[in-house]
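Asker: structure of the sequence below:
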Amino acid sequence: MSTFPGGVRFSVLDRSRTREGEDASQALRDTVALAREAEALGYHRFWVSEHHSVPGVAGSAPTVLAAAVASATSRIRVGTGGVMLPNHQPLVVAEQFGVLESLFPGRIDMGVGRSVGFTDGIRRALGRDKEDADRFGEQLVELLGWFTGEQSAHPQVHARPAEGLRVPPFVLATGEGASLAAATGLPLVIGDLRGRDRLLAAVETYRSAFRPSPWSAEPYVVIAGTVAVAGTEAEARRLLMPEAWSLAHARTLGAFPPLLAPEAIDGLTMTERQRGLYESGLTGHVHGTAEQVAAALAEAVRETGAQEVLVTTSTYDRAALSGSYRGLAAAVGLTAGASSATT
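Answerer: Model prediction:
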């Protein structure tokens, strides 16, 4: 029996992680296959992400990948978590989502974030700099205006086929981003389950400052985080190991590598700093048996009043990854095949 109040939705974010010994094409095909499985299990949305020049992540073009996911599914909503708006011109982003919505009407979500390329080299290649992140609010208003026809920066230009279409926008944010989501009247996606005090403060800021808009009449909160489900708590913790080691590796050696099998990580010799970062990467995530995870997420939903939970899981073993999503779906009461395009 699910411990969740009625109406709470569950969705999936996948970052197209590569695995040791495999190429990017396999990771992208895995993402599409996982989307079909998420739809069959009854998840509400399936989102993909944007990363540039990261060896361990194949998802660099989220709207292209979203098109592949939408083509391979029929009911589940498909979107981005998210397109990093400072990396792009708002007109181009509007055009891309306009094409997606035209091809898959009523199924597309437009999740946008404020991160800019994370190294000097990537930013130069994108034609961006760190300061572009400070323009996120301005870019967001322009992006929305391309859909409504109300943008004023380029009055003689129209976004085709986006203008007049309604593609639900979401703001991916922490901290001050919650205020921006409130000011623009947009749903908030906040991925800070490991910092519960910060999470609650940001959600309160968002709700108290929310201004109704044509996009959303009321506040809508999506809490996001890493979740791992297995037969035992120890087994679930092992599912977190590949991602935790990738993060420790990146922060000490400067490259975010493909996922290693837990058995390979067991045999690694880590420096003291790597060990500390690795152990930190294993803590704070929601993991355990299906019942333990469902209870933890139910508490987070009660504390935040969130209407939706966006789950992400990265691990080496594909069968274990599928098992984690199946276990969660059963524990929170999702109905197989019940995903729908309702916003």
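
Asker: for the closest residue in space to residue 237 that isn't next to it in sequence, helix, strand, or coil?
Answerer: Of all residues not flanking residue 237 in the chain, residue 287 sits nearest, at 5.9 Å (Cβ to Cβ, 6 or more residues apart in numbering). All C-beta atoms are positioned from the backbone trio N, CA, C, and that covers glycine. Put simply, residue 287 is strand when judged by DSSP: H, G, I helix; E, B strand; the rest coil.

Asker: assess the claim that residue 287 and residue 227 are in contact.
Answerer: Yes - with contact defined as Cβ atoms under 8 Å, residue 287 counts as touching residue 227 (6.9 Å).

Asker: between the two, which contacts overlap?
Answerer: Residues touching both residue 287 and residue 227 by Cβ atoms under 8 Å, 6 or more residues apart in numbering: residue 293.

Asker: what about the closest residue to residue 21 other than its chain neighbours, neighbour count?
Answerer: What sits nearest to residue 21 in space, not counting adjacent residues and going by Cβ to Cβ, 6+ apart, is residue 258, at 7.8 Å. Number of residues near residue 258 (other Cβ atoms under 10 Å) recorded here: 20.

Asker: in the protein, where's the longest strand?
Answerer: strand 221-229 (DSSP state E).

Asker: after that strand, heading C-terminal, what element do we hit next?
Answerer: helix 233-253 (DSSP states H and E).

Asker: and that next one, what does it pack onto?
Answerer: strand 221-229, helix 262-266, helix 272-282, strand 286-288, helix 318-331 (3 or more Cβ pairs under 8 Å, 6 or more residues apart in numbering; DSSP states H and E).

Asker: can you list the strands that the shortest one pairs with?
Answerer: Read it as strand 286-288. strand 221-229 (parallel) (DSSP bridges).

Asker: quick one on the thing from earlier: in a markdown table, list the helices and strands packed on helix 233-253 along with mean pLDDT and distance to residue 247.
Answerer: Below are these laid out as a markdown table (pLDDT from 0 to 100; distance: least, Cβ to Cβ, whole Å):
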| stretch | mean pLDDT | distance to residue 247 |
| --- | --- | --- |
| strand 221-229 | 96 | 11 |
| helix 262-266 | 97 | 12 |
| helix 272-282 | 96 | 5 |
| strand 286-288 | 97 | 16 |
| helix 318-331 | 97 | 18 |
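
Asker: so where do the strands sit in the stretch 1-150 of the chain?
Answerer: For the stretch 1-150 of the chain, the strands defined by DSSP state E, counting those that start in this stretch cover 9-14, 45-48, 77-80, 83-84, 108-113.

Asker: among the ones you listed, which is nearest residue 96?
Answerer: Proximity to residue 96 (Cβ to Cβ) singles out strand 83-84 among the strands of the stretch 1-150 of the chain, at 8.1 Å.

Asker: can you give me the buried ones in stretch 121-140?
Answerer: For stretch 121-140, the neighbour count (16 or more other Cβ atoms under 10 Å) marks 122-123, 126, 128, 132-133, 136-137, 139-140 as buried.

Asker: my guess is residue 58 contacts residue 19. True?
Answerer: No - the pair residue 58 / residue 19 is not scored as a contact, 10.4 Å apart, by Cβ under 8 Å.

Asker: quick one: which of the two has more around it?
Answerer: Neighbours per residue, other Cβ under 10 Å: of residue 58 and residue 19, the larger number sits with residue 58, 24 against 20.

Asker: check contacts around the more buried one.
Answerer: 16-18, 24-25, 27-28, 31.

Asker: so for this structure, the centremost residue is which one?
Answerer: Centroid check for the chain by Cα atoms, centre = their mean gives residue 81 as the closest residue, at 3.7 Å.

Asker: and the nearest residue to it once chain neighbours are set aside, what does it touch?
Answerer: With sequence-adjacent residues excluded and distances taken as Cβ to Cβ, 6+ apart, residue 81 is closest to residue 47, at 3.6 Å. With contact taken as Cβ under 8 Å, 6+ apart, residue 47 is in contact with 11-14, 78-82, 109, 111, 310.

Asker: and what of residue 227?
Answerer: 285-287, 293, 297, 311-313, 324, 328.

Asker: distance to residue 39 for the helices and strands packed on helix 233-253 - can I get that in TSV?
Answerer: Output for these, formatted as TSV (distance: least, Cβ to Cβ, whole Å):
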stretch	distance to residue 39
strand 221-229	18
helix 262-266	28
helix 272-282	30
strand 286-288	23
helix 318-331	11
